Every structure is written in C-alpha cells, then in structure tokens.
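Asks: Based on what follows, work out the 3D shape:
(one chain, ligands or ions: 2)
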Amino acid sequence: MNEIILLKLGELVLKGLNRRSFEDKLIGNARRRLKDLGKFRVYTKQSTMYVEPAEDGCDMDRAWEAMTKLFGVVGLSRARACEKSAEAMLETARRYLDSQLRQARTFKVESKRADKSFPMTSIQLSQYVGGELHDAYPHLQVDVHHPELTVHLEVRDYAAYVHADPAPGAGGLPVGIGGRAVSLLSGGIDSPVACWMIAKRGIALELVHFFSYPYTSLEAKEKVLNLARLLTPWCGHMVVHVVPFTAIQEELRRKCPEELFTVLMRRFMMRIAQQVAQRCGAGAIVTGESLGQVASQTMEAMRATTAVCALPILRPVVGMDKEEIVRIARKIGTFDTSILPYEDCCTVFTPRHPRLRPTLGELEAAEAALDIEELVQAAVEGIERVRV
Ligand code: ATP
Ligand code: MG
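Replies: Ligands and ions are numbered 1, 2, ... in the order given. Sure, this is the predicted structure:
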C-alpha cells in the first residue's frame, strides 16, 4: 500500500491555458480511469500528480497501465513511499530498485527537498545515499551526466519517495480541456488514429458512424463499436452515434451520376455530422482523410466536402503516409481490429470510375434532384446512440 504513482504534467506552459483548469481536468480524467481499480487518492502538487492507493487491494498494475494512456502526462514513475530519513530512503532504494541497481553500469542519485525542514540539503542526501549504494553495488560507476539509472529521492510534506527514471507518458493535453469535436469513425485504419490524435490535443470526442444495413452487416457495426471501445483508455467514455445511411445511398444511386457518388456521399456525411455537432455542442469535425490515399481524398474532393460544412474540419492524418498511420494504429492498439475483413459503407457503393476532381457546380447540379434536408433529417432522427 505504500507504492504510489507520480505523474509529471505536460505542456502547462501553454499560453492562455490556466494551470488550475488543466490540473482539475487531468485529475477528473485520472479518477474516472481508476474508478474500477480500487480506491485512490489523486491530487496535484508542484507540477506533479500523485496517485495513491487509499485501501488494500488496489490494482496497481492496471492503474499504472491506465496512467500511461492519460493525455496531459509527459512522464510517470512508480514510487515507493517511506519515512523521511536518509536511512529509510537508502533502505527503500536498495529493496525497491534492487534489480535495476544490479543491471545498470552507471548511476547517480538525485534528490529534491520540498520539505525544507529536512535536516540535510539535497546535495548531502544524494551524496550519502549515492555513497552507500556505491558500496553496496560495487560494480556501479557514478556518472552524473549520462547515467543509465537515476535514483530519485523526493522529500515531501508527508513522506519521502524513492523512484527510478520516469517512463514516457502519453503526452498531449487532458481530454476535454479544448472542448468537444465530432469524429467520423469508420471501420478502417485511419479514422481511429485521427480520433486518437485529436483527443491527444485535449479534445473530447463524440463519434459518428454511418451504417448501411443490410449492405453492411451487424458484425461490421460491432467492429466499429469495438474500435471505439479500444479508444476509451485514451479518449475516455464516448457516445457512438450510429447513423442509418442506407436510404441516402439508395437515393443517390437512383438519382445521381455514379462517378460522383463517393463525394456526394461524403457531403451527406458532413451535413449529418454537423447536425450531430450542433446538438452536442461540438466545435469541429474530425476525419481520417489523407491526401491522395483514395479518389475521394484529393484537394478538390476535400473542397467539395468542406463546402457543405460551416465548422472547421480537422484532418490530423492528412499529410501522413499509410505506414506512419499504421505505426500509430499498432501503438494505440486499434490496428488488429481495423484490418478485420468487414465491409464499409463506402466500399459497398464504390463507383467503378470515380471522378477525381469533381467541381462544386456539377455536385450541386446532381444534388438538385434530391430533397437534401429531408434525407438529412430522417437520418438524424434515426440515430442510435451507443455509449462505450
Ligand atoms: P479509414 O481507414 O478511416 O476508413 P479510408 O482510408 O478508408 O479511412 P475513406 O473510406 O475515404 O478513407 O474515409 C475517409 C474518412 O471518412 C474516414 O477516415 C472517416 O473519418 C470517414 N468515414 C468513411 N466512412 C465512414 C463511415 N462509414 N462512418 C463514419 N465515418 C466514415
Ligand atoms: Mg474507410
């Protein structure tokens, strides 16, 4: 019970972002992630957030895992708390960091003293513990510039803490601090990565999925919901708005030229996403489009979809190669689900010869045959909301 997690806060220097709201948001997000893992005390002090188990039986391994995915944290360490004396800190370092002390070839001790009543200076404390550790592990060399292992000692108000170097945190900003956006989630590789990238910048997400039953199966929908669930350790709980899209696609097929189909469909996606955004107070729309990847992802096609949307459209993977996107998808754990072979609404209705550079004029002319408002309203009214 005397092991805790120390988290180093990120980008607090950000201009215009006040520290208090940053910390409050981060603490709230951390508490929600820890809710099912036991009772924890979570608080911040001096640019560090503390996660302390407040009862026996807290699952520290899963808590650690959860905290590595918390946006707003740049680094984190598991630390052992002990009595505020040099001997106790030395003993704790020897027991707690024993295997790391055996493995490292070079080391140093770094001390911080928040409690100024502690009788030794930071330098004296480092020298004492460093000297003793050097005697106990004779193979270790001291290297103050590039040590393999740094033993950190922190004397704080209620206790002292001993830990090794921090592991890298998830970076970014606490989810929610930058407002809310609607993100278009398909079953592919790119859109989950786009969601992750925007959540990382502090944006809470509402997910929208266009579902073309029976052209696409219930399994395809379940796959998308699973992708959404895989994102929750990073993005927090979300609502997936599942939009019935079949009627619109069939109407397009009846009344519009096939070669414009993809872009026309995407314009409808934007119109609907915008309605969802309005209802949930979102300030932007996110997609996983990447320039040149497919026919609907040319600049001209993007212009055509942007034209029906008053909100900014964020396309975080727009300049990335597929390989770069895949690397992130693997890292965040969505890749294996994304490549499961279920059809997407776009692939079912893919035209044989899509127009690469449709003009706004021809798209609008094609849409003149449709009752856009009614189609959009019917789709919005048919939305099924699934909380993940
Ligand atoms: P992805 O891998 O994300 O599916 P993609 O390379 O297959 O992307 P498109 O199918 O052209 O590209 O889709 C581009 C973007 O449009 C997607 O990243 C996603 O944001 C959105 N999108 C496409 N299909 C759907 C859908 N059925 N539901 C919700 N959003 C979609
Ligand atoms: Mg796709």
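
Asks: In terms of pLDDT, where does the nearest residue to Val162 once chain neighbours are set aside sit?
Replies: Counting by CB to CB, 6 or more residues apart in numbering, Val162 lies nearest to Thr92, which is 4.5 Å off, once chain neighbours are set aside. Bear in mind the C-beta positions are built from the backbone N, C-alpha and C, glycine included. Among the per-residue scores, Thr92 holds a pLDDT of 96.

Asks: contact partners of stretch 197-204?
Replies: Under the criterion CB atoms under 8 Å, 6 or more residues apart in numbering, residues 71-72, 170-181, 183, 205, 231, 234-236, 238, 284, 286, 314, 316-317, 328 lie in contact with stretch 197-204.

Asks: buried subset of those residues?
Replies: For these, a burial check counting by 16 or more other CB atoms under 10 Å picks out 71-72, 170, 172-178, 180-181, 183, 205, 231, 234-236, 238, 284, 286, 314, 316-317, 328.

Asks: From those residues, which land in strands?
Replies: Using DSSP state E, the members of the buried ones among the contacts of stretch 197-204 that fall in strands are Ala170, Arg180, Ala181, Ser183, Leu205, Val286, Leu314.

Asks: show me the contacts for the residue nearest to Val162.
Replies: Arg80, Cys82, Ala160, Val162.

Asks: Go again with 7 Å.
Replies: Arg80, Cys82, Val162 (CB atoms under 7 Å, 6 or more residues apart in numbering).

Asks: quick one: low-confidence parts of the stretch 201-350 of the chain?
Replies: 295, 345-348 (pLDDT under 70).

Asks: Spell out which parts of it neighbour ligand 2.
Replies: Residues of the stretch 201-350 of the chain lying close to ligand 2 (CB under 5 Å from the ion) are Asp344.

Asks: now the strands for the stretch 201-350 of the chain?
Replies: Remark: strands assigned in the stretch 201-350 of the chain by DSSP state E, counting those that start in this stretch are 204-211, 239-244, 285-286, 313-314.

Asks: hang on, Ala63 packs against Leu37?
Replies: Yes: the pair Ala63 / Leu37 is scored as a contact, 5.1 Å apart, by CB atoms under 7 Å.

Asks: which one in this structure is furthest away from the centre?
Replies: Ranked by distance from the centre of the chain (CA atoms, centre = their mean), the top residue is Asp135, with 44.2 Å.

Asks: which helix is the longest one in this protein?
Replies: helix 261-280 (DSSP state H).

Asks: Pull the residues that contact that helix.
Replies: Here helix 261-280 makes contact (CB under 7 Å, 6+ apart) with 180, 182, 184, 206, 208, 210, 241, 243, 248-249, 252, 256, 285, 295-296, 301, 304-305, 308-311, 346, 349-351, 354, 358, 363, 366-367, 376, 379-380.

Asks: residues contacting the residue in the stretch 251-388 of the chain positioned nearest to ligand 2?
Replies: With CB to the ion as the measure, Asp344 is the residue of the stretch 251-388 of the chain nearest to ligand 2, at 4.7 Å. By CB under 7 Å, 6+ apart, the residues touching Asp344 are Ser186, Gly187, Gly188, Thr216.

Asks: Give me the neighbour count for the closest residue to ligand 2 within the stretch 101-250 of the chain.
Replies: In the stretch 101-250 of the chain, the residue that lies nearest ligand 2 is Gly188 (3.5 Å; CB to the ion). Gly188 has 19 neighbours, counted by other CB atoms under 10 Å.

Asks: Dihedrals phi and psi, it?
Replies: Note on Gly188: its backbone torsions stand at phi -80, psi -170 [degrees, to the nearest 10].
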